[in-house]
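Visitor: Fold the following and give me the result.
(4 chains)
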Protein chains: 4
Amino acid sequence: MIIILKPGSTESEAKEILAHIESEGLRPLHMPGTERVVIGAIGDERILESLHFENYPQVERVTPILAPYKLVSREIHPHDTIVRLGGVSVGGDGFIVIAGPCAVESAEQMRDTARAVKSAGAHALRGGAFKPRTSPYSFQGLGRAGLKILQEIGREFGMPVVTEIVDTADIDEIAEHADALQVGARNMQNFRLLQALGKCGKPVVLKRGIAATIQDLLLAAEYIVAEGNAEVILCERGIKTFETATRNTLDLNAVPYIKQKTHLPIIVDPSHGTGVRELVPAMSRAAVACGADGLIIEVHRDPPHALSDGQQSLFPDEFAALMHGLKPFVEASGKTL
Amino acid sequence: MIIILKPGSTESEAKEILAHIESEGLRPLHMPGTERVVIGAIGDERILESLHFENYPQVERVTPILAPYKLVSREIHPHDTIVRLGGVSVGGDGFIVIAGPCAVESAEQMRDTARAVKSAGAHALRGGAFKPRTSPYSFQGLGRAGLKILQEIGREFGMPVVTEIVDTADIDEIAEHADALQVGARNMQNFRLLQALGKCGKPVVLKRGIAATIQDLLLAAEYIVAEGNAEVILCERGIKTFETATRNTLDLNAVPYIKQKTHLPIIVDPSHGTGVRELVPAMSRAAVACGADGLIIEVHRDPPHALSDGQQSLFPDEFAALMHGLKPFVEASGKTL
Amino acid sequence: MIIILKPGSTESEAKEILAHIESEGLRPLHMPGTERVVIGAIGDERILESLHFENYPQVERVTPILAPYKLVSREIHPHDTIVRLGGVSVGGDGFIVIAGPCAVESAEQMRDTARAVKSAGAHALRGGAFKPRTSPYSFQGLGRAGLKILQEIGREFGMPVVTEIVDTADIDEIAEHADALQVGARNMQNFRLLQALGKCGKPVVLKRGIAATIQDLLLAAEYIVAEGNAEVILCERGIKTFETATRNTLDLNAVPYIKQKTHLPIIVDPSHGTGVRELVPAMSRAAVACGADGLIIEVHRDPPHALSDGQQSLFPDEFAALMHGLKPFVEASGKTL
Amino acid sequence: MIIILKPGSTESEAKEILAHIESEGLRPLHMPGTERVVIGAIGDERILESLHFENYPQVERVTPILAPYKLVSREIHPHDTIVRLGGVSVGGDGFIVIAGPCAVESAEQMRDTARAVKSAGAHALRGGAFKPRTSPYSFQGLGRAGLKILQEIGREFGMPVVTEIVDTADIDEIAEHADALQVGARNMQNFRLLQALGKCGKPVVLKRGIAATIQDLLLAAEYIVAEGNAEVILCERGIKTFETATRNTLDLNAVPYIKQKTHLPIIVDPSHGTGVRELVPAMSRAAVACGADGLIIEVHRDPPHALSDGQQSLFPDEFAALMHGLKPFVEASGKTL
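Guide: Here you go, the predicted model:
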């Protein structure tokens, strides 16, 4: 940790901080320059972070040396983690596609959609039972009944199912019905929820928050892993920027960057990442090409009548075409679909 | 609601949508132009929103006419809402200051800080018992014990107390100990929590999310009011932008804009809005000048040893100077401090 | 154009605007609703735009129906424009790679780099003679001397050359030495420069500004085309967001979106789009996969000693590996490298 | 300067960099930690910056100790610079208001507007002759004729005049007619223009770019001052964010931050900073309260018929009311209007 003092700081102010560092059992380093005094503190940075040197009025800036996450870091755990989603492996040499509607609306809607995505080659089924919606007047999901439908249809078609969790109170129930629990963008920093998911015994799909840096995402994953659950699948789904032509800006830079920094698998959600049906196939191919481990895509049997996210949901035949078009890119990347 | 069709849309596609509008009991309006077909739908827009015309492949864009929030709108309720925070009125002609540490650390820390902010003129006391922290290795708050300390110190100094809620499971307990429940920026779209707060019987301080538009904030407030709790105090606390010199970009434009659109009071948090101790006094004055109803400011008896947010917490004497400097601006704005 | 009046607008206010519309020879449409008066104006929107109805105090909002650009729009010109960059075609079925250093530093540096990128398969050579730099103390380019070196080395290796223009005063000189003139992100809205380039007789590579929406980029291209130069190559090179792990956020969504809206070719700059050498290969593949027509990549014979942008410049062997790895993706996309 | 090596860096890699530092006459500092090797380089950082240690593949990150600007820094020049704008002082104890239309449209329009703003108390007159417009189909200004009108009307009312410069080719002509040259947001990083303005002999109003950090703004000012012109007035005018309710997000945090870092005066443009007429008065007051040295405000004699920026231009009586309402806030801040 590097501590830069403000111009005009006195020697006694520097000594106060040096003594503070030493009293914590760390090695202080004094580097007085011509224009600034710089202080180093050598040792375990996470102890140092709890010391909060930036709180001193004479400190201009504190620069950490290490990333603040540890368990999810590739430095600690160099090999790729493979997460088991039902019978499907996520991470490693395969490429997986999770598909389905934004929300579970009825058994028929789920059955028709599941049949379509299964026959097009999807590996797992998505569908929300508890829907977080920006407006209180929008459809909020079928709740418990939706969970049961999702589970039944998943079994009927032999596909593992993924569904969103929005409240710690629902964990046991969802964990009973789903193969993986998804944390939506709005809850990425719902830390109580993350801690509870660390003990839920099921894989977690952790979506990046719309204003979350990559480091924030990895720290959110660290919350889950620190509680004992290493089965975390990261998901890039677009961030909030000034661009309004698309619903979000899909940050694919994050995929190779995250692959360098962490051993966890990462998938991409081009549906939310663009918010525009016509852009989903191109961005799905781009996700493959930059090294993602999979995709999560919204498909609805009848998008014009979908109760949520219809404008970004693919028609079944569009999804089949997407899967067909994806193949040569998955092969080019040395993986199998 | 205005529905713009894609170039090349056929007449039968337009008719399909016109029929859909009519079948819902609304008045359709057909406006074929030279380059685009435009369709209007006249009637209650919230019914229309649930129709999701943007889902049709031939639709290019849908433009609503009305704001999606209703109960919080000044159009429905033209007069300012005055929220009672303990014995203090928020909104209207007064200007209130809520001050205290980021987190409750001990009874002594709370007592010293409360004494300081009270004697400087603060009207209410803040302090977090449950702390959402970006890193799992940071201090997470004292929890239940912290709540009790906060309540006791508030009573000792005759100040209403405000504290953060991070999980629906804690509502009853917090509502028992605090005069108002604060929803932090990370939970602004935790809709389950908002709905539960709509029934908690206590005022809610609702902070704007770091990636939330003003409209998102008003819709979050609508969630609470729609459940029956009209005692909502909005809080502008900075948004996430590319600027890194400050922790957030305090969006004071939001204050007069919100005053136009809604009847709810709005306060400003210059501590999170800047993240820099030295900028807090100037931005507090700016908040007064642009029409805010109050401030929420982090103050700690000993910021260098604060367990969280120390770098943006004021020393007691800095807070006293801020309050003193605020007075002429509050007077200039025709309010009383 | 749809004009939405504020609540409480009077009938005479509506009539004033309706009369204004009619007096311009357009067809007004009056749509009084229960909560708002909506006015339509049917006819050529660009006349309408010059009327500025949003200026009226009683107007809440104006919604255009058509995009504000025309000549660059695919609606007007449905077929892909193929731009001739020296002997190389940009757009259509080929995929081109422009490579070279950020700045021309010396003839030897250019020769070594050109040899390397040529033998790896690059189609054109880049190199800046006039460098816009954030700090006045950074290397500003060799100027005129750099232009000559670039031209000579281009001829020596049979590669067309692309270089940046930063001032209208330099157009003739650069157009004499280079096969295409590049407008950097900082000058994308230097409209005087764009207008002058509309008459320069050479292709223009137009980079997206870091805060420019896609629509802003297309309007900037419209400036050039409106002056008579249809040889414009758009370039996505990343936008400014809150993410700091990468220098910019490469917005690949823009590629398929732009392909829908315009007939101009679009290339991607993964060097500036990431700012991180290690991320360039993955994002180059992603650019191919989402439908870009080419890449522009920074390569230096000796990046640690580069005078600018060294941290994002590839070593020659890294570039050769990138080109090798690109091939299967270009083939998967049905193009030839 | 602190150089952090990647994990796994070898001792010989560290030695290479240490030798490089020493060979430049600087003092290297080797700080091997348990998880990272950290290298310090002590001496003049601007020499160090030209060394570009981030270019080495084994370097993870480079952290400068000092700000990259020097001449504009308060560390070098602690006292406030007072800029003379015609007979008006900008900076120090006064508070100045520059007002006028976005664009010069005619002598009558300028005369009527000047009369109104002068009688309301404005100190200087603004008006654009060369207008940078996002669309090529928008009004581009009267050019040379507009300059002459502006100068004449300024003389008639005894007000100094400010106008925008968009091309180096126009400097002499504008400097002859105007008392200060304004660099618009789109040209803040037009470095050739900045350098030319450094020799123009007139004060420069330098507006912050919509994607420029505060540091970028100060470096742009450094370009001008480094060429010999210390008469720079900075201008905060809003940045681009995700918020769409306002045209830009006015970043008032920048005002007190800039006051700390630099000796140059800073004014605020609430017209562009909000883009909404109704928000201009409140944000003008906020600018005073946070310590700005002045305001630049768009006023038009007849906003509904303005050729540009009408929706954010004040009516003359609105401006008079704004000036009246500003007075108690200017007094509260200890300045005189």
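Visitor: quick one: the helices in the stretch 51-200 of chain A?
Guide: Ranges of helices in the stretch 51-200 of chain A, per DSSP state H, counting those that start in this stretch, are A:107-120, A:144-157, A:171-177, A:191-197.
Visitor: Mind listing residues that contact the third one?
Guide: Yep, that's helix A:171-177 we're talking about. A:129, A:144, A:147-148, A:150-151, A:161, A:163, A:165, A:181, A:196-197, A:200-202 (Cβ atoms under 8 Å, 6 or more residues apart in numbering or on different chains). Backbone N, C-alpha and C define where each C-beta goes, glycine included.
Visitor: The last one now?
Guide: Outside helix A:191-197, the residues within contact range by Cβ under 8 Å, 6+ apart are A:165, A:167-168, A:171, A:181, A:183, A:187, A:204, A:220, A:223-224, A:227, A:229, B:130, B:132-133, B:136, B:140, B:166-167.
Visitor: who does the helix or strand hosting residue A:255 touch, helix- and strand-wise?
Guide: Counting by DSSP states H and E, the element that carries residue A:255 is helix A:254-261. Helix A:254-261 sits against helix A:214-226, strand A:232-236, strand A:266-268, helix C:280-289, with contacts defined as 3 or more Cβ pairs under 8 Å, 6 or more residues apart in numbering or on different chains; DSSP states H and E.
Visitor: buried sites along it?
Guide: For helix A:254-261, a neighbour-count test (16 or more other Cβ atoms under 10 Å in any protein chain shown) marks A:254, A:255, A:256, A:257, A:258, A:259, A:261 as buried.
Visitor: and which of those is nearest residue B:116?
Guide: residue A:261 (43.2 Å; Cβ to Cβ).
Visitor: How about the closest one: what's its closest non-neighbour residue?
Guide: residue A:74 (6.0 Å; Cβ to Cβ, 6 or more residues apart in numbering or on different chains).
Visitor: re earlier: for ChimeraX, write the select line for the buried members of the contacts of helix A:191-197.
Guide: Written as a ChimeraX command, the selection of buried residues from these, which uses 16+ other Cβ under 10 Å, is:
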select /A:165,167,168,171,181,183,187,204,220,223,224,229 /B:130,132,133,136,140,166,167
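Visitor: if I look at residue A:316, how far off is residue A:276?
Guide: Going from residue A:316 to residue A:276 by Cβ to Cβ, to the nearest Å gives 18 Å.
Visitor: for residue A:157, same thing?
Guide: 28 Å.
Visitor: How about residue A:206?
Guide: Distance, residue A:206 to residue A:276, using Cβ to Cβ: 24 Å.
Visitor: higher neighbour count, these two?
Guide: Neighbour totals were compared for residue A:206 and residue A:276, and residue A:206 leads with 27 against 19 (other Cβ atoms under 10 Å in any protein chain shown).
Visitor: What helix or strand is that one located in?
Guide: Residue A:206 is part of strand A:204-207 when elements are defined by DSSP H and E.
Visitor: And the contacts of that strand?
Guide: Contacts of strand A:204-207 (Cβ under 8 Å, 6+ apart): A:162, A:180-185, A:188, A:197, A:217, A:220-221, A:224, A:229, A:231-235, A:237, A:267, A:269, A:296.
Visitor: Recalculate using a threshold of 7 Å.
Guide: By Cβ atoms under 7 Å, 6 or more residues apart in numbering or on different chains, the surrounding residues in contact with strand A:204-207 are A:162, A:180-185, A:188, A:197, A:220-221, A:224, A:229, A:231-235, A:237, A:269.
Visitor: In PDB, list the C-alpha atoms belonging to that strand.
Guide: Extracted in PDB, the C-alpha atoms of strand A:204-207 (Å, rounded to 0.1, in the frame of the first residue of the first chain):
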ATOM      1  CA  VAL A 204     -25.200 -19.100  -8.500                       C
ATOM      2  CA  VAL A 205     -25.300 -17.100 -11.700                       C
ATOM      3  CA  LEU A 206     -24.100 -13.600 -10.700                       C
ATOM      4  CA  LYS A 207     -25.000 -10.800 -13.100                       C
END
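Visitor: give the contact list for the residue in the stretch 1-150 of chain A positioned nearest to chain C.
Guide: In the stretch 1-150 of chain A, the residue that lies nearest chain C is residue A:67 (10.3 Å; Cβ to the nearest Cβ). Neighbouring residues of residue A:67 by Cβ under 7 Å, 6+ apart: residue A:73.
Visitor: redo that, cut-off 10 Å
Guide: Residue A:67 makes contact with A:45, A:73, A:75, A:215, A:218, A:219, A:222, A:261, A:262, D:35, D:60, according to Cβ atoms under 10 Å, 6 or more residues apart in numbering or on different chains.
Visitor: and if you look at residue A:107?
Guide: Residue A:107 touches A:145, A:146, A:148, A:149, A:150, A:152, A:153, A:156, counting by Cβ under 10 Å, 6+ apart.
Visitor: Tell me the one among those nearest to residue C:306.
Guide: Using Cβ to Cβ, residue A:150 is the member of the contacts of residue A:107 that lies nearest residue C:306, at 54.2 Å.
Visitor: Quickly note the distance from the nearest residue to residue A:187 once chain neighbours are set aside to residue B:186.
Guide: Nearest residue to residue A:187 in three dimensions, chain neighbours excluded: residue A:193, at 5.8 Å (Cβ to Cβ, 6+ apart). Distance of residue A:193 to residue B:186, given as Cβ to Cβ: 11 Å.
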